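Enquirer: need a 3D model of the following:
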Amino acid sequence: MKRILTVMICAMITLSMASAQETTKKTNVVKTKFLVESMECENCVKSIEKNIAFEKGVTDLKCDLKTHTVEVTYRSDRTTETKLLAAFKKMNKPAKVVKDEAKP
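Expert: Model prediction:
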């Protein structure tokens, strides 16, 4: 009986710790939109998707060729806007952060 109780308590502690870690990961997620004026063709899009997607902390990436923007979702505990801007520059695709205007 003591073993069963001990195993149940250990299982509950493990599950609560896993849940707490998952919550922490979700709170560190940031979305930033970058303007990449030199993104002019599908090859540029593929190059950006290939390189930026593999930067540390990047979890999602969406390129829009019409507006020359790239929306990057990343974990703020793994990377920063500055590091992502440096990655764009390293690819010869200088970027600027697009600040969303607050809607009235």
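Enquirer: partner residues bridging the residue nearest the centre of the chain?
Expert: By C-alpha atoms, centre = their mean, the chain has its centre lying nearest to Tyr74, at 1.5 Å. Taking DSSP bridges as the rule, Tyr74 bridges to Val30, Val58.
Enquirer: list the residues that contact it.
Expert: Going by C-beta atoms under 8 Å, 6 or more residues apart in numbering, Tyr74 touches Val29, Val30, Thr32, Glu55, Gly57, Val58, Thr59, Leu84. Placement of C-beta: from N, CA and C, glycine included.
Enquirer: ok, Val36 touching Val70?
Expert: Yes. Taking C-beta atoms under 8 Å as the definition, Val36 is a contact partner of Val70 at 5.6 Å.
Enquirer: hey, what's in contact with both of those two?
Expert: Ile48, Ala95.
Enquirer: can you pick the most crowded of the contacts of Tyr74?
Expert: Leu84 (21 neighbours; other C-beta atoms under 10 Å).
Enquirer: sec struct for that one, please.
Expert: Secondary structure for Leu84, judged by DSSP: H, G, I helix; E, B strand; the rest coil, is helix.
Enquirer: pretty sure it contacts Ile52?
Expert: Yes. The criterion here is C-beta under 8 Å, and Leu84 meets it with Ile52 at 7.0 Å.
Enquirer: that concludes my questions; thank you for your assistance.
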